[in-house]
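*Asks:* using only what follows, build the 3D model:
(4 chains)
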Number of protein chains: 2
Amino acid sequence: MTDEAAPRPRKPRADAIRNRERVLEAAKSVFTQGGAEAGLEAVAREAGVGIGTLYRHFPTREALYEAVYRREVEQLAELAAQLAGEYGPMEALRRWMRALVQFVATKKGMGTALALAAHKPPELMAYSATRFQEVMGMLLRPAAEAGLVRTDIGSDDLLKAVIGLCYLQDGPGWQEQALRLLDVFLDGLSLRRGDPPGTA
Amino acid sequence: MTDEAAPRPRKPRADAIRNRERVLEAAKSVFTQGGAEAGLEAVAREAGVGIGTLYRHFPTREALYEAVYRREVEQLAELAAQLAGEYGPMEALRRWMRALVQFVATKKGMGTALALAAHKPPELMAYSATRFQEVMGMLLRPAAEAGLVRTDIGSDDLLKAVIGLCYLQDGPGWQEQALRLLDVFLDGLSLRRGDPPGTA
DNA sequence: GATGAAGCGGAGGGAACCTCCGTTTTTTGT
DNA sequence: ACAAAAAACGGAGGTTCCCTCCGCTTCATC
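*Replies:* Purely as a prediction, here's the structure:
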């Protein structure tokens, strides 16, 4: 009942962190390839850890799904920063949005599974939507300031547009089509016509 | 290779039909209560048939999901005809839309599972959307002809509205809220204000 | 009724889930 | 550098569910 004093929290163990990361990597790979209901033991094997370790880090299947998802969102956000440093505003924007299409693509196979398990996705959705919008803004602003794009389209519009483009489609070969439509859209967004946006 | 002549198709057995129906009924109950990943043996038990029988009728879990879903869509359509005979246009419409809300409610728990399993849902979605729209039209037309509702709202709008109402919400107590919103919406649709829509 | 096709049931082999605990690794204190 | 203890590891194995297979029963037909 007396509140516990400072019990000197330990530094987290290095192998624990490493293993956690490995499992996430493996899970992403396995789920992407084998569908969302792939065996967890397969994930553990791929990660080179015991099944017990997997369960300690992610007590339920759903927890694992969620962690994978969050990690990918984060990586996508980091990609934006990287692209912004490497390319001009327009090209960075284009490349990032392409990556976003692919992200959504893999999620259509797996994210549905996420939605199923628990009903925690509301918070998750909000989280990723916010995160993505931040990133979009980060990429969009420089382009706007350089006078390269229309200024009446906000990052929220842009995000919705991409999601919309992806969710309208469904057949095979769909991804290509979505990417094509994305290019059209970005051309429309751009203010300078005529010069090929091509390589760097 | 020679095309087969008329091989005298047999009349389907009575017990087979009966059992099939029983399984569907049981599946609906079990899935609604215990979630979409409830054991299939539980379904068989509830239906009072052997597990083998279940698997003969529905070779995969997903096939069972789909059949349950289709059946419910069909029942909901029949309900419309019945309500149209029993109540006035406005009341029939209201009652049916309430049933639709509840339908969507159960589907949020189970339909997601449906989406997961195979990627057949595009066709399923189209099917039910079409079916529902037919029914909506059937209920809406009399109300419109009797001058009870605005005529600038079509059955497609109405359907989308309900789905929208349901999908915006998520917390507990959500269903009540959706029903309340539905009432508001229907009041807005109606041309005669002031009289309580209450009992029959 | 007789007959045989169609359907029924449930035992059982296999796969996946997840817990539990003896062993190993890492951190911390000296 | 070393020892002690906390934390994490691995995987055997109990449990649960999946789904096939086949001998028995029931129904439609003749």
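*Asks:* now do the helices in chain A.
*Replies:* For chain A, helices defined by DSSP state H occupy the ranges A:14-34, A:40-47, A:51-57, A:61-86, A:89-117, A:121-145, A:155-168, A:174-189.
*Asks:* dump the ones you listed to JSON lines, plus distance to B:L191 and mean neighbour count.
*Replies:* Every residue, glycine included, has its C-beta placed from N, CA and C. Converted to JSON lines, the helices of chain A look like this (distance: least, CB to CB, whole Å; neighbours: other CB atoms under 10 Å in any protein chain shown):
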{"stretch": "helix A:14-34", "distance to B:L191": "53", "mean neighbour count": "16"}
{"stretch": "helix A:40-47", "distance to B:L191": "58", "mean neighbour count": "18"}
{"stretch": "helix A:51-57", "distance to B:L191": "61", "mean neighbour count": "16"}
{"stretch": "helix A:61-86", "distance to B:L191": "48", "mean neighbour count": "16"}
{"stretch": "helix A:89-117", "distance to B:L191": "40", "mean neighbour count": "19"}
{"stretch": "helix A:121-145", "distance to B:L191": "37", "mean neighbour count": "16"}
{"stretch": "helix A:155-168", "distance to B:L191": "35", "mean neighbour count": "16"}
{"stretch": "helix A:174-189", "distance to B:L191": "42", "mean neighbour count": "15"}
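*Asks:* who wins for proximity to B:F58 among the ones you listed?
*Replies:* B:F58 lies closest to helix A:89-117 among the helices of chain A, at 19.5 Å (CB to CB).
*Asks:* against DNA strand D, how distant is A:V135?
*Replies:* Going from A:V135 to DNA strand D by CB to the nearest atom of the strand, to the nearest Å gives 31 Å.
*Asks:* touching, that residue and A:A77? I think so.
*Replies:* Yes. Using CB atoms under 8 Å, A:V135 is in contact with A:A77, at 5.1 Å.
*Asks:* for chain A, which residues score under the pLDDT cut-off?
*Replies:* A:1-8, A:108-122, A:167-172, A:192-200 (pLDDT under 70).
*Asks:* could you break it into its assigned domains?
*Replies:* Domain ranges of chain A: A:1-59, A:68-200, per automatic domain parsing.
*Asks:* relative to DNA strand C, which of those is closest?
*Replies:* Ranking the domains of chain A by proximity to DNA strand C (CB to the nearest atom of the strand) places domain A:1-59 first, at 3.3 Å.
*Asks:* give me phi/psi at A:T60?
*Replies:* Note on A:T60: its backbone torsions stand at phi -130, psi 160 [degrees, to the nearest 10].
*Asks:* count the residues that sit near it.
*Replies:* 12 (other CB atoms under 10 Å in any protein chain shown).
*Asks:* show me the contacts for A:P142.
*Replies:* A:84, A:89 (CB atoms under 8 Å, 6 or more residues apart in numbering or on different chains).
*Asks:* from B:S190, how far out is it?
*Replies:* 52 Å (CB to CB, to the nearest Å).
*Asks:* and what of A:A14?
*Replies:* A:A14 is 68 Å from B:S190, by CB to CB.
*Asks:* next: A:Y65.
*Replies:* For A:Y65, the distance to B:S190 equals 45 Å [CB to CB].
*Asks:* what about A:P12, distance to A:H57?
*Replies:* Counting by CB to CB, the gap from A:P12 to A:H57 is 12 Å.
*Asks:* again with A:R13
*Replies:* 12 Å.
*Asks:* now the spatially most central residue of chain A: closest residue in space, sequence neighbours ignored.
*Replies:* Residue closest to the average C-alpha location in chain A (CA atoms, centre = their mean): A:V73, at 3.1 Å. Spatial nearest neighbour of A:V73, excluding adjacent residues (CB to CB, 6 or more residues apart in numbering or on different chains): A:S128 at 4.7 Å.
*Asks:* residues in chain A within reach of DNA strand C, list them.
*Replies:* A:8, A:10-11, A:13-15, A:39-41, A:51-52, A:55-56, A:59-61 (CB under 7 Å from any atom of the strand).
*Asks:* rerun at 6 Å
*Replies:* A:8, A:10-11, A:13-15, A:39-41, A:51-52, A:55, A:61 (CB under 6 Å from any atom of the strand).
*Asks:* quick check, nearest of those residues to A:A84?
*Replies:* Of all the residues of chain A next to DNA strand C, A:A84 sits closest to A:A14, with 31.9 Å by CB to CB.
*Asks:* on that earlier part again, need the domains of chain A in CSV (columns: distance to B:L181).
*Replies:* As requested, the domains of chain A are exported to CSV (distance: least, CB to CB, whole Å):
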stretch, distance to B:L181
domain A:1-59, 33
domain A:68-200, 18
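*Asks:* of those domains, which is nearest B:G34?
*Replies:* domain A:68-200 (14.1 Å).
*Asks:* so the residue nearest to the centre of chain A sits against A:R131, correct?
*Replies:* Yes. Between A:V73 and A:R131 there is a contact under CB under 8 Å: 5.7 Å.
*Asks:* out of the residues of chain A next to DNA strand C, who's near chain B?
*Replies:* Checked against chain B using CB under 8 Å from any CB of the partner chain, the residues of chain A next to DNA strand C give no members in range.
*Asks:* quick check, nearest of these to DNA strand D?
*Replies:* A:G52 (1.7 Å).
*Asks:* and the closest one, what is it in contact with?
*Replies:* No contacts exist for A:G52 under CB under 8 Å, 6+ apart.
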